[in-house]
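A.B. asks: Turn this into a model:
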Amino acid sequence: MTADQQSLLPIRLISSQPISAQAVSSSERADLRLERVKEFLNASNLASNTQKSYRLELERFIAWSDKAWIDVTPRDIANFKKYLKDECRTRQGNLLSPAAINQAITALKSFFKWFQLAGYLDPTAVLPTAAVKFEKLGEPLPRHLSLEQMEIIYQAVTGDEDINLRDRALLAVLTHGLRAEDVSTLNVGNYDGIRLRFSRKKDKSDAIVPLRQVAREQLEAYLERRRSQQEVLSDSSPLFLSYDLRNPGQRLGYQGIYYFTKVRLGTATGITDITPHRFRHTYATELVELGIDSLLARSLTGHKSEKVFERYIKGKRLKVAEDAFLRAIGEKPSLET
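C.D. replies: Predicted coordinates:
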């Protein structure tokens, strides 16, 4: 076997003894650990945002520990979790939330599972992440938008300029529960006049999302405006265009969609923290309110886990309970959720 061939094999197949942290310098060890992270992400089928999140969490662990991956122990993982809880801070100087801590643990669990399957760790060994527990999460706060808020939002998107027609069509699609990253990749060919057909970026699953008549009308009006301006629309043409002065006529990206919801809609309506994901929560809540079976509802939203989907509904239940209490004491329910 040549030296080049050996360099492609997992460490444990090159040597009869595992390479310990003491066998290489700290800089070499860091480089090797980052290389394993790159291998893990390249081998994964994770969405781009998830990959970015996992990379940041694994790099945080590398900065905290000077051990090689193969030498990490359950005690190291436990101490790292304690570090996350007691010492780590957000950019605003706050302690990490339980959800943020769980995100770091999830990244480590996923990495070490791959690390073993890739042959870097004895297949019979107990993973160092096996014993670490996730933080308990409190009951989810309602994230859906109320009917009153949605009415305010719809009324705020007015005007007959190109960007106004785009915004109404974009809002129509977002209110069908699509993730922003999926909306940003939609092409004209993904719309067949009735429904959207696309591949979800999160898990590469096929999605079929039927659109309401009013949503179809908004989308058709926007596409017709573009055709009237001599734009030749093909199946590969972006469904939504940017009207930013820096890149007019280009595909509307992920950041542009967030700008539309948080800044344009937020400013126009006065409703705080409007995000594409809140429309996703609102859509999921609406499906359940319509009496659609949970399994069918999840096929429309793309949720694989009933547990995750249930968290959406619990938020709705909390809001209903709050409204019932306020009405019982003679007060008007708040529009804020």
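A.B. asks: Show me the shaky parts of this structure.
C.D. replies: Filtered on pLDDT under 70, the chain yields the residue ranges 1-30, 138-142, 311-320, 334-337.
A.B. asks: how long is stretch 261-269 from one end to the other?
C.D. replies: One end of stretch 261-269 sits 10 Å from the other (Cα to Cα, to the nearest Å).
A.B. asks: Distance from it to the middle of the chain?
C.D. replies: 21 Å (Cα atoms, centre = their mean, to the nearest Å).
A.B. asks: Not counting its own residues, what contacts it?
C.D. replies: With contacts defined as Cβ atoms under 8 Å, 6 or more residues apart in numbering, stretch 261-269 is touched by 149, 152-153, 156-157, 167, 171, 174, 271-276, 278-279. All C-beta atoms are positioned from the backbone trio N, CA, C, and that covers glycine.
A.B. asks: Mark which of those are buried, thanks.
C.D. replies: 149, 152-153, 156-157, 167, 171, 174, 271, 274-276, 278-279 (16 or more other Cβ atoms under 10 Å).
A.B. asks: In JSON lines, list these along with secondary structure and distance to residue 326.
C.D. replies: JSON lines is the format used below for the buried ones among the contacts of stretch 261-269 (DSSP: H, G, I helix; E, B strand; the rest coil; distance: Cβ to Cβ, whole Å):
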{"residue": "149", "secondary structure": "helix", "distance to residue 326": "16"}
{"residue": "152", "secondary structure": "helix", "distance to residue 326": "19"}
{"residue": "153", "secondary structure": "helix", "distance to residue 326": "22"}
{"residue": "156", "secondary structure": "helix", "distance to residue 326": "26"}
{"residue": "157", "secondary structure": "coil", "distance to residue 326": "29"}
{"residue": "167", "secondary structure": "helix", "distance to residue 326": "33"}
{"residue": "171", "secondary structure": "helix", "distance to residue 326": "29"}
{"residue": "174", "secondary structure": "helix", "distance to residue 326": "29"}
{"residue": "271", "secondary structure": "coil", "distance to residue 326": "19"}
{"residue": "274", "secondary structure": "coil", "distance to residue 326": "23"}
{"residue": "275", "secondary structure": "coil", "distance to residue 326": "25"}
{"residue": "276", "secondary structure": "helix", "distance to residue 326": "29"}
{"residue": "278", "secondary structure": "helix", "distance to residue 326": "21"}
{"residue": "279", "secondary structure": "helix", "distance to residue 326": "25"}
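A.B. asks: Would you reformat these as CSV and include distance to residue 285?
C.D. replies: Below are the buried ones among the contacts of stretch 261-269 laid out as CSV (distance: Cβ to Cβ, whole Å):
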residue, distance to residue 285
149, 12
152, 17
153, 15
156, 21
157, 21
167, 23
171, 17
174, 15
271, 16
274, 15
275, 15
276, 15
278, 10
279, 11
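A.B. asks: can you count the residues close to residue 45?
C.D. replies: As a burial measure, residue 45 scores 9 neighbours (other Cβ atoms under 10 Å).
A.B. asks: what does the one 5 residues further on give?
C.D. replies: Residue 50 is flanked by 19 other residues according to other Cβ under 10 Å.
A.B. asks: so what's it up against?
C.D. replies: residue 202.
A.B. asks: element containing it?
C.D. replies: helix 48-64 (DSSP states H and E).
A.B. asks: Pull out the buried positions in that helix.
C.D. replies: Counting neighbours by 16+ other Cβ under 10 Å, helix 48-64 gives 50, 53-55, 57-58, 60-62 as buried.
A.B. asks: Relative to residue 231, which of the residues you listed is nearest.
C.D. replies: residue 50 (34.2 Å; Cβ to Cβ).
A.B. asks: State the distance from that closest one to residue 241.
C.D. replies: The gap separating residue 50 from residue 241 is 27 Å, by Cβ to Cβ, to the nearest Å.
A.B. asks: Same question for residue 154.
C.D. replies: Separation of residue 154 from residue 241 (Cβ to Cβ) stands at 22 Å.
A.B. asks: Now for the closest residue in space to residue 198 that isn't next to it in sequence: which residues touch it?
C.D. replies: Ranked by Cβ to Cβ, 6 or more residues apart in numbering and with sequence neighbours excluded, the top spatial neighbour of residue 198 is residue 190, at 4.7 Å. Residue 190 makes contacts with 196-198, 239, as judged by Cβ under 8 Å, 6+ apart.
A.B. asks: Go through the residues you listed and name the one nearest residue 105.
C.D. replies: Distances from residue 105 to the contacts of residue 190, taken as Cβ to Cβ, are shortest for residue 198 (31.3 Å).
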